[in-house]
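Peer 1: sequence and predicted structure below; questions after.
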Amino acid sequence: MAVVTRARNMRASDGVREDRLWRRHMEMGAIGATPKGGVNRQALSPEDAKARALLMSWAKARGFGVAVDAIGNLFIRREGTDPAARPILTGSHLDTQPTGGKFDGAYGVLAGFEVLEALDDMGQQTRRPIELVVWMNEEGSRFQPGTVGSSVFAGSHGLNEMLAVADRAGVSVRDALAQTLAAAPAPLRPGVGFPIDGYIEAHIEQGPRLEATGKTIGVVTSVQGSRRFTIDVLGEEAHAGTTPLRARKDALSAAVSIVSALERLMHDDTDTIRFTVGRFEVFPGSPNTVPGKVHFTIDFRHPDGAVLRRLGDQIATVAAAHAKGCAVTVTDLSYVEPTVFAPEVIDLVRVSADALGLPHMDMPSGAGHDAMHINALCPTGMVFVPCLRGVSHNEAESATPSDLAAGCRVLADALVALANR
């Protein structure tokens, strides 16, 4: 009884343990570890299954509920005093880029789990259940597009549509998910999606603003919109030594011309537009053969939906105009409108940071997150903490134990406030 009484007089943040949170990061980061200190743990890979199994083992040791849905989202539930109440969710993702770091995504998952453990240690109850979610395939490195689990949960994409998506080796999400669930089994939660009453996601900033201004907490107000495309250029293979330039259908030459024209289209004196060709594949890849096919990707982002639509809709026209006699296919993979988070959740994050004496600032997110999709379902927000030099999607990604714990404490108090409304 004394423990419970003390817990009632304490904030949830008081139970957060910096040492435990850091240790969990190091244990999780060992799964898929790379020689340069990063992580390669792509969606629905054997490494992803091991990470899920490790998290579930921690959850089961605590007596938390564990379930998975039809798209592979993993849920860990700490019950509230009102079992009929809609839950509050927190979480992020465990999949990484091929040369990713230990903190992108994993921090949101492990901070959420630390909140559940802190509440458990303190004997503190919440009215609503709090559920930790691991969203499937946020990164989109193996399976495109990204944020698949959260988008299917929110109804932005269809379940069967996303299960049919295949990676470059031809393995479908459906088959890879079956292998993952066999390696890391969990009870199946019927259907995809269910009523929720709030969502807060913790994340490293993936940018330099917090570090540059000496702030510990980023109160995220919005996420810029994004569009993703693939472009396939089909030319004709030919002998490099005998085929005249005027007779060639050189897919690489055409692709370079297309990319150059798109860079001109996306030129922006304010440096607000984000335009990236992240994957560029040339076939057959022989030194003395004129390339017959090129496949490349486009990631285009902007905080203004009108700009996204106007420029994104010109990509196919520009590509066709610079095809140099080749056939060009532009596939519009995904379109996510700019997201504006709920004022009440933004205020909760601010209040929590203030109460803890943590320096904070309002800021938009340049990167996309699962929270974009969940924002359509319930009041949603995000908490950012600094990362060294703003480096992310890189094996050199780094964050400090104290910053991670600070963000977790803000998350804890904000989640409990939501759960006790």
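Peer 2: Cool, the structure landed. Residues are numbered from 1 along each chain as shown.

Peer 1: look up how far Arg41 lies from the spatially most central residue of the chain.
Peer 2: Note on the chain: the residue nearest the mean C-alpha position is Glu138, at 3.9 Å, using CA atoms, centre = their mean. Distance, Glu138 to Arg41, using CB to CB, to the nearest Å: 12 Å. Where you see a C-beta, it was placed from the backbone N, CA and C, and this is true even at glycine.

Peer 1: what touches both of these two?
Peer 2: Counting by CB atoms under 8 Å, 6 or more residues apart in numbering, the contacts common to Glu138 and Arg41 are Asp95.

Peer 1: the strands in the stretch 1-150 of the chain, which residues?
Peer 2: Per DSSP state E, counting those that start in this stretch, the stretch 1-150 of the chain carries strands over the ranges 65-68, 74-78, 88-92, 130-134.

Peer 1: in the stretch 251-400 of the chain, which ranges drop under the pLDDT threshold?
Peer 2: Within the stretch 251-400 of the chain, no stretch has pLDDT under 70.

Peer 1: could you export the strands of the stretch 1-150 of the chain as JSON lines, including mean neighbour count?
Peer 2: Below are the strands of the stretch 1-150 of the chain laid out as JSON lines (neighbours: other CB atoms under 10 Å):
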{"stretch": "strand 65-68", "mean neighbour count": "18"}
{"stretch": "strand 74-78", "mean neighbour count": "23"}
{"stretch": "strand 88-92", "mean neighbour count": "28"}
{"stretch": "strand 130-134", "mean neighbour count": "26"}
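
Peer 1: okay, the ones you listed in a markdown table with distance to Arg264 and mean pLDDT next?
Peer 2: What follows is those, written out as a markdown table (distance: least, CB to CB, whole Å; pLDDT from 0 to 100):
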| stretch | distance to Arg264 | mean pLDDT |
| --- | --- | --- |
| strand 65-68 | 46 | 98 |
| strand 74-78 | 44 | 98 |
| strand 88-92 | 36 | 98 |
| strand 130-134 | 41 | 98 |
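
Peer 1: which one of those strands lies nearest to Ser352?
Peer 2: Comparing the strands of the stretch 1-150 of the chain by their distance to Ser352 (CB to CB), the top pick is strand 88-92, with 13.1 Å.

Peer 1: run through who's touching the closest one.
Peer 2: 105-109, 111-112, 115, 126, 128-135, 138, 196-203, 369-370, 374, 411, 415, 418-419.

Peer 1: sort out for me which of these are in helices.
Peer 2: Cross-referencing these against helices under DSSP state H gives Ala106, Tyr107, Gly108, Val109, Ala111, Gly112, Val115, Ile374, Leu411, Leu415, Leu418, Ala419.

Peer 1: was I right to think Lys324 contacts Leu252?
Peer 2: No - look at Lys324 against Leu252 with CB atoms under 8 Å: they stay out of range, at 10.1 Å.

Peer 1: circling back: for Met361, which of the strands of the stretch 1-150 of the chain is the nearest?
Peer 2: strand 88-92 (21.0 Å).

Peer 1: could you chop this protein up by domain?
Peer 2: With domains defined by automatic domain parsing, the chain comprises 2-224+338-419, 225-336.

Peer 1: and the ones you listed, which is most packed in?
Peer 2: domain 2-224+338-419 (a mean of 20; mean count of other CB atoms under 10 Å).

Peer 1: gap between that one and the chain center?
Peer 2: Computed by CA atoms, centre = their mean, to the nearest Å, the chain-centroid distance of domain 2-224+338-419 equals 9 Å.

Peer 1: before we move on, the earlier item: residues contacting the residue nearest to the centre of the chain?
Peer 2: Applying CB under 8 Å, 6+ apart to Glu138 gives the contacts Ala43, Ser92, His93, Asp95, Gly105, Gly146, Thr147, Val148, Gly149, Ser150, His369, Asp370.
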